[in-house]
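K.L.:
with the sequence up front, the predicted model follows.
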Amino acid sequence: MAAPSRAEATRARLLAAAVAAFSEKGFHGTTTRDIAGAAGMSPAAVYVHHKSKEELLHVISRDGHQAALDVVRQARATTSDPVEQLAAVARGFAMFHVEHHTIARILNYELAALSPEHRAEIDVLRTGIDRELRDLVASGVAAGAFDIPDPALAATALASMGIDIARWYREDGEWSPDQIGDYYADLALRLAGAAPQTSS
């Protein structure tokens, strides 16, 4: 794979700096100067690569939501069994929010700062995640693998559990990423009314 170009490397530095600043100060509390300073650049250099601070937020939001959607789809594709699918999706979605907890906080708490056009684009991705989860749970109910009275509400609860990890997770916290992933897989199966998986 070819090394990134100088422009690509600069954009990556700016995005990393924006993630750190938005996470610490929030979008509205962050200035372009903050982002530029963290990236070791002048404020004017930011506008060479991005039209605005909001465009940086849009790129972070778009790429982050697409990555989360990919995690869900890839986990579903690992098996045709709905119980195994649900465990894989719940574990993968939880691990995504553990491994990318800083970005995930921005994805879920800075949506209101996006322009209407950019928010509409992100909403399509968020709806995609919701549809994947709803379809998974509904398929499990139809197959007799899950026993729940409201599959749509269960799917929403599953998403909420994973998303909330970004609020409380800390790298020096009480639980390891693997512990969290395994626990959320088991929790999802219990929520769906499926028998928890046991190690052989």
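P.N.:
Thanks, I have it. Residues are numbered from 1 along each chain as shown.
K.L.:
may I ask which helix or strand of the protein has the lowest mean pLDDT?
P.N.:
One helix or strand of the chain scores below all others by mean pLDDT, DSSP states H and E: helix 43-49, with a mean of 79.
K.L.:
in it, what counts as buried?
P.N.:
Neighbour-count burial for helix 43-49, counted by 16 or more other CB atoms under 10 Å, picks out 46, 49. For every residue, glycine as well, the C-beta is placed using N, CA and C.
K.L.:
tell me where the model's unsure across this protein.
P.N.:
Within the chain, the stretches with pLDDT under 70 are 1-4, 195-200.
K.L.:
and the lengthiest helix in the chain, what's buried?
P.N.:
Determined from DSSP state H, the single longest helix within the chain is helix 116-142. Residues 118, 122, 125-126, 128-130, 132-134, 136-141 are the ones in helix 116-142 that count as buried (16+ other CB under 10 Å).
K.L.:
what residues does stretch 62-74 touch?
P.N.:
Residues outside stretch 62-74 that contact it (CB atoms under 8 Å, 6 or more residues apart in numbering) are 89, 92-93, 95-96, 100, 103-104, 106-107, 118, 121-122, 125-126, 128-129, 132-133.
K.L.:
swap that for stretch 77-87, please
P.N.:
Here stretch 77-87 makes contact (CB under 8 Å, 6+ apart) with 75-76, 88, 136-137, 139-140, 143, 145-146, 185-186, 188-189, 192, 194-195, 197.
K.L.:
first to last residue in it, what's the distance?
P.N.:
In stretch 77-87, first residue to last residue: 12 Å (CA to CA, to the nearest Å).
K.L.:
centre of the chain to that stretch, how far?
P.N.:
Between the centre of stretch 77-87 and the centre of its host chain there is 20 Å, according to CA atoms, centre = their mean, to the nearest Å.
K.L.:
ranges for the strands of the protein?
P.N.:
Remark: no strands are assigned in the chain by DSSP state E.
K.L.:
residue closest to the middle of this protein?
P.N.:
Taking CA atoms, centre = their mean, the centroid of the chain lies closest to residue 68, which sits 4.4 Å from it.
K.L.:
look up how far residue 62 lies from that one.
P.N.:
Remark: distance between residue 68 and residue 62 (CB to CB, to the nearest Å) = 11 Å.
K.L.:
ok, now residue 189?
P.N.:
32 Å.
K.L.:
neighbour-wise, which of the two wins?
P.N.:
Per other CB atoms under 10 Å, whichever of residue 189 and residue 62 has more neighbours is residue 189, with 21 against 16.
K.L.:
run through who's touching stretch 164-178.
P.N.:
Counting by CB under 8 Å, 6+ apart, residues outside stretch 164-178 touching it are 94-95, 97-102, 104-105, 107-108, 180, 183-184.
K.L.:
show the buried residues in those residues.
P.N.:
94-95, 97-98, 100-101, 104-105, 107-108, 180, 184.
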